[in-house]
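Visitor: predicted structure and sequence below. I'll ask about it afterward.
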Amino acid sequence: MLLVAVWLAALVFAIGVCFRDKAEAEPVDTYHSGWHLVRATADEDGATFAAVYDLTGASGTLTPDFAGKDSSSVANGGPFHIVAKNDAGGYGVPISPGDTWAFAFCGSNYNNLDDTFSFTVVGWGRDNGMLQVICEGDGVLGTNAVVTYPDGGDAMGALISETGVTYTHATKTFTTTGDGFAGAVVGMLARVTGTNITNNEIVQVTTVTSANIIICSGVTSTDNNTDSTVEINPAFWADTLALDETTKWPKQHGDLVGAAVYNSADNQVALLVIQTQGIEWLQFIIYDADAATGEEAGNNTVYGRRR
């Protein structure tokens, strides 16, 4: 009887420890993986992918070999390092490697709606791995404004937010004082509101006369006013992504292909999801994205996080 009592007491104690440990367990770090800057803000890396990386090795500069890997930092347009677990000191400190990452693109709409860009993602293994093309495709910026960059960097609120602006309906001209429109360029998108203005849609800046006079097309109004609000934020998330093909990178497990796109064309932040098992370095090459060229996005940035 004594042995039975002792055994039961031990069992109760063990169950209590299990419940306590479960209650006090550390949260699964996947859910706390923050966004990381994967490609610093910049226009295109080159007019074409081949202008950045010569995969044939004929140029003798950047080749398919690991030795030819771009060693620049992300801030200088170089590759992103998915820190290995032993290098990071444990998952999530500062970056957990994981085996699946999601990536989001953003950029500047300087040429009306739906500015475009193209991209190729390349990667390397940890030890002298050859450069491999993981996926390539195209993107389109939507109308979901970038309010704050998710890596904790500089806020990207409205470039311009002017109230009490005078609006002249006959010429669709907005006038402010104190150089309030400094930074505005033709092609930017603006949201205008105010007395007698009958639409709250995003309109286009068609003329920049000076730092305090701009003209916006598409504004509808019943009369002039002196209380308009003009907001301009050229930074928008890509809401449409398309891969040229989905067989460049093999899947590792489950039903997810090696690279896939989600939420595309849904007026949301589109995501590129890549199974990164076996890859330690990733680089996003952006091309066909020169802000000075009509309908091409500028200031493209890429963020990523472990899923």
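Guide: Sure, I can see it. Numbering: from 1, shown residues only.
Visitor: quick check: the residue positioned nearest the centre of the chain vs residue 272, distance?
Guide: Residue closest to the average C-alpha location in the chain (CA atoms, centre = their mean): residue 105, at 2.9 Å. Taking CB to CB, to the nearest Å as the measure, residue 105 falls 8 Å from residue 272. Quick note: C-beta positions are derived from backbone N, CA and C, even for glycine.
Visitor: quick one on the thing from earlier: state the helix or strand in which the closest residue to the residue nearest to the centre of the chain other than its chain neighbours lies.
Guide: In space, and not counting its chain neighbours, residue 105 is closest to residue 238: 4.0 Å by CB to CB, 6 or more residues apart in numbering. Following DSSP states H and E, one finds residue 238 within strand 235-243.
Visitor: which helices and strands does that strand pack with?
Guide: strand 100-108, strand 132-145, strand 259-262, strand 271-275 (3 or more CB pairs under 8 Å, 6 or more residues apart in numbering; DSSP states H and E).
Visitor: including distance to residue 225 and mean pLDDT, could those go into a markdown table?
Guide: Converted to a markdown table, those look like this (distance: least, CB to CB, whole Å; pLDDT from 0 to 100):
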| stretch | distance to residue 225 | mean pLDDT |
| --- | --- | --- |
| strand 100-108 | 29 | 91 |
| strand 132-145 | 25 | 90 |
| strand 259-262 | 43 | 92 |
| strand 271-275 | 41 | 93 |
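Visitor: most packed of those?
Guide: Highest mean neighbour count among the helices and strands packed on strand 235-243 (mean count of other CB atoms under 10 Å): strand 100-108, with a mean of 24.
Visitor: only C-alpha atoms, please: export it in PDB.
Guide: Included here for strand 100-108 are C-alpha records, laid out as PDB according to Å, rounded to 0.1, in the frame of the first residue of the first chain:
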ATOM      1  CA  THR A 100      10.300  29.000 -45.400                       C
ATOM      2  CA  TRP A 101      10.400  32.800 -45.800                       C
ATOM      3  CA  ALA A 102       7.800  35.300 -47.000                       C
ATOM      4  CA  PHE A 103       8.800  38.400 -48.900                       C
ATOM      5  CA  ALA A 104       7.000  41.700 -49.600                       C
ATOM      6  CA  PHE A 105       7.900  44.400 -52.100                       C
ATOM      7  CA  CYS A 106       7.200  48.100 -52.000                       C
ATOM      8  CA  GLY A 107       8.200  51.100 -54.100                       C
ATOM      9  CA  SER A 108       7.300  54.500 -55.400                       C
END
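Visitor: give the pairing partners of the strand holding residue 238; include direction for each.
Guide: Take DSSP bridges as the rule and strand 235-243 pairs in its sheet with strand 100-108 (antiparallel), strand 132-145 (antiparallel).
Visitor: now the residue nearest to the centre of the chain: how far from residue 35?
Guide: From residue 105 across to residue 35, the span is 12 Å (CB to CB).
Visitor: related to what we said a few turns ago, quick one: contacts for the residue nearest to the centre of the chain?
Guide: Residues in contact with residue 105 (CB atoms under 8 Å, 6 or more residues apart in numbering) are 117, 119, 139, 237, 238, 241, 270, 272, 300, 301, 302.
Visitor: buried ones from those, can you make that a PyMOL selection?
Guide: Burial among those is assessed by 16 or more other CB atoms under 10 Å; the matching PyMOL selection reads:
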select buried, resi 117+119+139+237+238+241+270+272+300+301+302
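Visitor: so residue 75 belongs to a strand, correct?
Guide: No - counting by DSSP: H, G, I helix; E, B strand; the rest coil, residue 75 is not part of a strand but helix.
Visitor: what's the distance between it and residue 39?
Guide: 10 Å.
Visitor: quick one, which of those two is more surrounded?
Guide: residue 39 (26 against 11; other CB atoms under 10 Å).
Visitor: that one sits in which helix or strand?
Guide: Under the criterion of DSSP H and E, residue 39 resides in strand 36-42.
Visitor: and the angle for that strand with strand 235-243?
Guide: 110 degrees (axes from the mean of the first three to the mean of the last three CA atoms, to 10 degrees).
Visitor: returning to what we had before: distance to residue 251 for the helices and strands packed on strand 235-243 - can I get that in CSV?
Guide: Listed next are those as CSV, based on distance: least, CB to CB, whole Å:
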stretch, distance to residue 251
strand 100-108, 10
strand 132-145, 12
strand 259-262, 9
strand 271-275, 6
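Visitor: between these, which one is nearest to residue 292?
Guide: strand 100-108 (11.5 Å; CB to CB).
Visitor: just how off-centre is the closest one within its chain?
Guide: In terms of CA atoms, centre = their mean, to the nearest Å, the centre of strand 100-108 is found 3 Å from the chain centre.
Visitor: how about stretch 199-213?
Guide: On the basis of CA atoms, centre = their mean, stretch 199-213 sits 26 Å off its chain's mean C-alpha point.
Visitor: what sits up against that stretch?
Guide: With CB under 8 Å, 6+ apart, stretch 199-213 has contacts from 112-113, 143, 173-182, 184-193, 214-220, 232.
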